[in-house]
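Asks: A structural model of the following input is requested.
(chains A and B)
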Amino acid sequence: MTSYRTHSCGELRASEIGKTVKIAGWIHRKRDHGGVAFIDLRDHYGITQVVCGPTNEYYEPLTRLRAESVVAITGEVIAREAGTFNADLASGEIELRVISIEVLSEVTQDLPVPVFGELEYPEDIRLRYRFLDLRRETLHKNIILRSNIISSLRRRMNEAGFFEFQTPILTASSPEGARDFLVPSRLHPGQFYALPQAPQQFKQLIMVAGFDRYFQIAPCFRDEDARADRSPGEFYQLDIEMSFVSQDDVFAAIEPVLSGVFSEFSNWQADAAPFTRIKYRDAMLKYGSDKPDMRNPLIISDVTAIFAREDVTFNAFKGVIAKGGVVRAIPAPKSADKPRSFFDKLNDWARKEMQAAGLGYITFADGEAKGPIAKFIPDEAMARLKSLAGVGDGDSVFFACDTEAGAAKLAGQARNKIGEELDIVEKDVYRFCWVVDFPMFEWNEDEKKVDFSHNPFSMPQGGMEALLTKDPLTIDAYQYDIVCNGVELSSGAIRNHRPEIMLKAFEIAGYGAEVVEEKFGGMLNAFRFGAPPHGGLAPGVDRMVMLIANTPNIREVTMFPMNQQAQDLMMQAPSSVNIKQLRELSLRLAVPEGK
RNA sequence: GCGGGCGUAGCUCAGUUGGUUAGAGUGUCGGCCUGUCACGCCGAAGGUCGCGGGUUCGAGCCCCGUCGCUCGCGCCA
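Replies: All right, here's what the predicted structure looks like:
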């Protein structure tokens, strides 16, 4: 109870009938019948109907107020007449008869975004007037959901023995990874801080410092272009690191947290621990992606050997195979009776959106193989193909033929597309999987050199011996991703805590010891004074909330998002600064003409 | 940086093959209305058809350019 209210707008029930109470909130909707007026008063907690008769001295001022004006209303809780209950409102059995009103904030202009009704609105207007948009039910609920999810994550991590620590926001630029946001230093002219892309080195140093188990709802900053599921600039990770652990220990620690939080906040069924594990190379072959959607039952297979046979004469594929390409088969169960347009549509999609040569196919019906390329494959080879691809009578099969990477990508996207078209993707479930054994290095075709394929701080499997004796491109890392419904939630790794192994790994990627010492000297040095083996991961909080709220757009789960051009339309960021501010920072602008 | 989609009243949208004065719903304003809960009824105001250029007797519609928003590609260890 405060001087503004005795109850919230979601609180009053039949048990309060007869009492005089005071509520405060926004005018959600007015229904003025001339003789009697109804006002729906809304606050965070709910809506209560206020009723005012024509003889009441507040009738005129109350009905004159526009929607979204803020008022406090003192009144008597009265029972609604039988038959006038509103089952959609928690307070629908009662209403408040006005005794007096107090206008706290009056709206005098047209509303740029109406709160009532949740009409679709242009996003730039919603962003400019985000405070109004946030009053609307769906967005309001999403933000509360996000808050509750974060509370639950904190509770679960605390209960599992993790400590939450803050790490610096102003830190040093790091050479690898995404583009940094830079902050000019006043005290050190010409030098810059960078906002952290992730607290990667700090969390490893926390392990070196002996705190054993760390987590943080960590803000991360990367100056890269936006996507529907990626805010420009900033996002949050559930950042986790643990000491004296192997990969399995990390999985065992995080699985119940993810499974638990998804189960807690969604009616969908979430996989329980332990989650499926898939080797990176198998994921690329069987699902055509390093973030496979396990709700989709389709499995891709390699059928290069079939099309390479001498008795198979489909030369379009043979030519690609001769140049080192592969053929991948995507089954389409029970689709043989689909109209020609089903197959044409997928082929058009492959050509247009995937910029592929096409998506060949064969259908199997009544013991016969049909389709544009069926006639190039004799019976015995066809039987072998059907068994490899896992298709039979009544099914069809699509083919992606390209370089290994190109075919995997096309087949993976086709798998998604075909799964959707045939409506065989599981609904209302969260399917988690770990993708493990990522390669430590990869071949950089542009620069003709070996590169780190992911995180250079990951421990190579086999340790120093592997680095010394194996072809670098065959070495796997203790590097893993957690994927949910085809969405990559997080990367993680068992870290390389041995300076000599790290220097060797960097040497293979073409970086001399002096470069490593210069760029990562702080951490490298720390590892020379006793570092525990450690590892962790960092699932994206925004992505988790999106999955649980079941929205494809990250701005629907972000309180104050920027638009795709990385502008905050409400706060007008970014903005120009004055010359004095620039001078203090020893900066002079060199904006290209026309910008 | 590149490609797709969209842009008509404050908002959501319709607008036929290029043809008279660009429409509807909603919101706003005015009037009526004592049981609504998307209240109802009557009336009014509200338009640089994103912007610029072109084709044409005539352009919301066709063409070129440009801007804005959005989705994707590149990018995101």
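Asks: buried residues in the least confident helix or strand in chain A by mean pLDDT?
Replies: Least confident helix or strand, chain A: helix A:340-352 with a mean of 82, by mean pLDDT, DSSP states H and E. Judged by neighbour count using 16 or more other CB atoms under 10 Å, the buried positions of helix A:340-352 are A:342-343, A:346-347, A:349-350. (Each C-beta comes from the backbone N, C-alpha and C, glycine too.)
Asks: Nearest to residue A:585 among the residues you listed?
Replies: residue A:349 (50.5 Å; CB to CB).
Asks: Next one: the residue lying closest to the closest one once chain neighbours are set aside from residue A:427, what distance?
Replies: Closest residue in space to residue A:349, ignoring its immediate chain neighbours: residue A:417 at 6.5 Å, by CB to CB, 6 or more residues apart in numbering. Distance, residue A:417 to residue A:427, using CB to CB, to the nearest Å: 17 Å.
Asks: quick one, which of these two is more surrounded?
Replies: A direct count of neighbours by other CB atoms under 10 Å for residue A:417 and residue A:427 places residue A:417 higher, at 19 against 7.
Asks: you'd agree the more buried one is up against residue A:346?
Replies: Yes: in this structure, residue A:417 is within contact of residue A:346 by CB atoms under 8 Å, at 6.5 Å.
Asks: what does stretch A:418-433 rub up against?
Replies: Surrounding stretch A:418-433, the residues in contact under the criterion CB atoms under 8 Å, 6 or more residues apart in numbering are A:255, A:258-259, A:262, A:266-271, A:275-278, A:292-298, A:330, A:332-335, A:342, A:346, A:398, A:482-485, A:547.
Asks: Am I right that the residue nearest to residue A:349 falls within a helix?
Replies: Yes: membership of residue A:417 in a helix is supported by DSSP: H, G, I helix; E, B strand; the rest coil.
Asks: Give me the distance between it and residue A:295.
Replies: Between residue A:417 and residue A:295 the computed distance is 14 Å (CB to CB).
Asks: C-terminal to the helix ranked longest in chain A, what's the next element?
Replies: Ranked by residue count under DSSP state H, the longest helix found in chain A is helix A:137-159. Per DSSP states H and E, the first helix or strand lying C-terminal to helix A:137-159 is strand A:163-164.
Asks: Output the contacting helices and strands for that following strand.
Replies: Packing partners of strand A:163-164 (3 or more CB pairs under 8 Å, 6 or more residues apart in numbering; DSSP states H and E): helix A:137-159, strand A:213-222.
Asks: Quick one: name the residues of the stretch 151-300 of chain A near RNA strand B.
Replies: With CB under 7 Å from any atom of the strand as the criterion, the stretch 151-300 of chain A meets RNA strand B at residues A:176-179, A:197-198, A:200, A:222, A:224-230.
Asks: Which ones among these lie within helices?
Replies: In this view, those that belong to helices under DSSP H are residue A:200.
Asks: out of the residues of the stretch 151-300 of chain A next to RNA strand B, who has the most neighbours?
Replies: Of those, with other CB under 10 Å as the count, residue A:200 tops at 23 neighbours.
Asks: need the contact list for it.
Replies: Contacts of residue A:200 by CB under 8 Å, 6+ apart are A:455, A:457.
Asks: try 10 Å
Replies: Residues near residue A:200 by CB atoms under 10 Å, 6 or more residues apart in numbering: A:167, A:174, A:177, A:218, A:220, A:239, A:241, A:455, A:457, A:493, A:495, A:523, A:536, A:538.
Asks: ok, whichever residue of the stretch 301-450 of chain A sits closest to RNA strand B - contacts?
Replies: Nearest to RNA strand B, among the residues of the stretch 301-450 of chain A, is residue A:353, at 7.3 Å (CB to the nearest atom of the strand). Residues in contact with residue A:353 (CB under 10 Å, 6+ apart) are A:413, A:417.
Asks: Now residue A:517: phi and psi?
Replies: Main-chain torsions, residue A:517, degrees, to the nearest 10: phi -60, psi -40.
Asks: Check which helix or strand the nearest residue in space to it that is not next to it in sequence maps to.
Replies: Once flanking residues are discounted, residue A:517 sits nearest to residue A:524: 6.4 Å by CB to CB, 6+ apart. Residue A:524 belongs to helix A:513-527 when elements are defined using DSSP H and E.
Asks: and that helix, average pLDDT?
Replies: For helix A:513-527, the mean per-residue pLDDT is 88.
Asks: now do stretch A:112-119
Replies: Here the average pLDDT along stretch A:112-119 is 85.
Asks: Quick check: beta-bridge partners of residue A:482?
Replies: On the basis of DSSP bridges, residue A:482 is bridged to residue A:434, residue A:490.
Asks: so who does it touch?
Replies: So residue A:482 contacts A:250-251, A:254-255, A:258, A:275, A:291, A:432-435, A:488-492, A:537-540 (CB under 10 Å, 6+ apart).
Asks: Distance check, it against RNA strand B.
Replies: Separation of residue A:482 from RNA strand B (CB to the nearest atom of the strand, to the nearest Å): 14 Å.
Asks: tell me what the longest helix of chain A is packed against?
Replies: Judged by 3 or more CB pairs under 10 Å, 6 or more residues apart in numbering; DSSP states H and E, helix A:137-159 is in contact with helix A:130-133, strand A:163-164, strand A:213-222, strand A:233-243, helix A:247-265, helix A:541-549.
Asks: of all the ones you listed, which lies closest to residue A:469?
Replies: Closest of the helices and strands packed on helix A:137-159 to residue A:469 is helix A:247-265, at 22.1 Å (criterion: CB to CB).
Asks: report the angle between the axes of that closest one and strand A:233-243?
Replies: If you take axes from the mean of the first three to the mean of the last three CA atoms, to 10 degrees, helix A:247-265 sits at 130 degrees to strand A:233-243.
Asks: just the angle between helix A:247-265 and helix A:541-549, please?
Replies: Using the same axes, to 10 degrees, helix A:247-265 lies at 50 degrees relative to helix A:541-549.
Asks: who does the helix or strand just after helix A:247-265 pair up with?
Replies: Moving toward the C-terminus from helix A:247-265, the next helix or strand (DSSP H and E) is strand A:269-270. Applying DSSP bridges, strand A:269-270 is found paired with strand A:429-430 (parallel).
Asks: any idea of the mean pLDDT in the strand it pairs with?
Replies: On average, strand A:429-430 scores 96.
Asks: what about it, distance to the chain center?
Replies: Remark: strand A:429-430 is offset 15 Å from the chain centroid, using CA atoms, centre = their mean, to the nearest Å.
Asks: just the helices in the stretch 301-450 of chain A please.
Replies: Remark: helices assigned in the stretch 301-450 of chain A by DSSP state H, counting those that start in this stretch are A:304-308, A:315-322, A:340-352, A:379-389, A:404-421.
Asks: Please consider this matter closed, and thank you.
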